[in-house]
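>>> Structure for this input, please:
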Amino acid sequence: FDDTEWKVEKRFSQFFTLDQELSRLLGWDLSHFLPELPRRSLFIVHNPEHIEQRRMQLDRYMQGLARLAADGSSGFGGGKDEDQAATMHVLHCLYKFVDFVNHVIPGARASSPILV
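Numbering: from 1, shown residues only. Presented below is the predicted three-dimensional model:
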């Protein structure tokens, strides 16, 4: 949640599932809080420019999600208890999605995590 960069390799369907799970848990339309996910493609696209554009959109989505989790209760605009519960849902989903347990090497400094 600082300036540390993370590399997350996921299929688009996993981003879509994350977005759907968060919407279901929170009961909100996430478009008010997060950048929009790129549209689903019916066909596999091999155009490097298109792939990079989608990667950038997914990166903005993940940055927005991390920002939302970091802002916590100040980012939702509801009651204090409701906002804290929402923050916990976001943090839990983000933790599962990035799969910290399997990808962060124990003992690595928090300011510079090492991914495997």
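>>> So in this protein, which helix runs the longest?
helix 48-71 (DSSP state H).
>>> average pLDDT for it?
For helix 48-71, mean pLDDT is 87.
>>> Which strands and helices lie in contact with that helix?
Judged by 3 or more CB pairs under 8 Å, 6 or more residues apart in numbering; DSSP states H and E, the packing partners of helix 48-71 are helix 12-26, helix 80-98. All C-beta atoms are positioned from the backbone trio N, CA, C, and that covers glycine.
>>> list the buried ones in it?
Of all the residues in helix 48-71, those buried under the rule 16 or more other CB atoms under 10 Å are 54, 57, 58, 61, 62, 65, 66, 68, 69.
>>> next one: stretch 11-24
For stretch 11-24, burial by neighbour count (16+ other CB under 10 Å) applies to 15, 18, 19, 22.
>>> measure the second one to residue 80 for me?
By that I understand residue 18. Noted for residue 18: a distance of 26 Å to residue 80, by CB to CB, to the nearest Å.
>>> thinking again about what came up before, mean pLDDT and distance to residue 40 added to the helices and strands packed on helix 48-71, as TSV?
Shown next, in TSV, are the helices and strands packed on helix 48-71 (pLDDT from 0 to 100; distance: least, CB to CB, whole Å):
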stretch	mean pLDDT	distance to residue 40
helix 12-26	88	7
helix 80-98	81	18
